[in-house]
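below are the sequence and a predicted model for it; my questions follow.
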Amino acid sequence: MAKAANNDIERTINAYMRECIDENTEVLEERARKAGSDSVKELKKESRKRSGKYAKAWRSSVDSGEAGVEVTVHETARPTLTHLLENDHAIKNQTGKTYGTAKGDSVISTIADRMGREFAAGGDAT
């Protein structure tokens, strides 16, 4: 009888633990979704706007799986352009002659750091 009671207690504890984990996972996914959308808003606001295509093309996606929740923020119109605008790069002509460097603006890394701090603080950081 005592063994059966122990199994019931174990099942009950496991059920409560699963319920708690599921609730925490939902909260984490919601916070991750909000962090992704906030990052996209900030990137659209602070990105370069020569023609507007680059700034408008930011998207975020949230994937949850066994390893946890992952938020990906990416630029869909010209993804290779993000590297050139973020980092300094050499300006070369077709023959390979270098004319100097184009300065990067570091907008992506600044926003990523800020959103990471806000996410870690529960959205209360400034």
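That came in fine, so what should we check first?

following the top helix by length along the chain, which helix or strand comes up?
As assigned by DSSP state H, the longest helix anywhere in the chain is helix 2-46. For helix 2-46, the following helix or strand on the C-terminal side (DSSP states H and E) is helix 53-56.

that following helix - contacts with which helices or strands?
helix 2-46 (3 or more CB pairs under 8 Å, 6 or more residues apart in numbering; DSSP states H and E). For glycine as for every other residue, the C-beta is placed from the backbone atoms N, C-alpha and C.

give me the mean pLDDT for the helix it packs on.
With pLDDT averaged residue by residue, helix 2-46 scores 83.

show me what it is packed against.
Contacts defined by 3+ CB pairs under 8 Å, 6+ apart place helix 2-46 against helix 53-56, strand 58-65, strand 68-75, helix 107-120.

same list (these) but as a markdown table, adding mean pLDDT, mean neighbour count and distance to K45.
Output for those, formatted as a markdown table (pLDDT from 0 to 100; neighbours: other CB atoms under 10 Å; distance: least, CB to CB, whole Å):
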| stretch | mean pLDDT | mean neighbour count | distance to K45 |
| --- | --- | --- | --- |
| helix 53-56 | 88 | 16 | 8 |
| strand 58-65 | 88 | 14 | 10 |
| strand 68-75 | 88 | 15 | 14 |
| helix 107-120 | 90 | 16 | 9 |
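
could you save the ones you listed as TSV and add columns showing distance to Y99?
Below are the helices and strands packed on helix 2-46 laid out as TSV (distance: least, CB to CB, whole Å):
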stretch	distance to Y99
helix 53-56	23
strand 58-65	30
strand 68-75	26
helix 107-120	24
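
of all the ones you listed, which lies closest to D22?
strand 58-65 (11.6 Å; CB to CB).

partners of the closest one in the sheet?
Sheet pairing of strand 58-65 (DSSP bridges) gives strand 68-75 (antiparallel).

off-centre distance for the strand it pairs with?
4 Å (CA atoms, centre = their mean, to the nearest Å).

quick one: contacts of it?
Applying CB atoms under 8 Å, 6 or more residues apart in numbering, the contact partners of strand 68-75 are 25, 28-29, 32-33, 35-36, 39-40, 43, 54, 57-64, 81-82.
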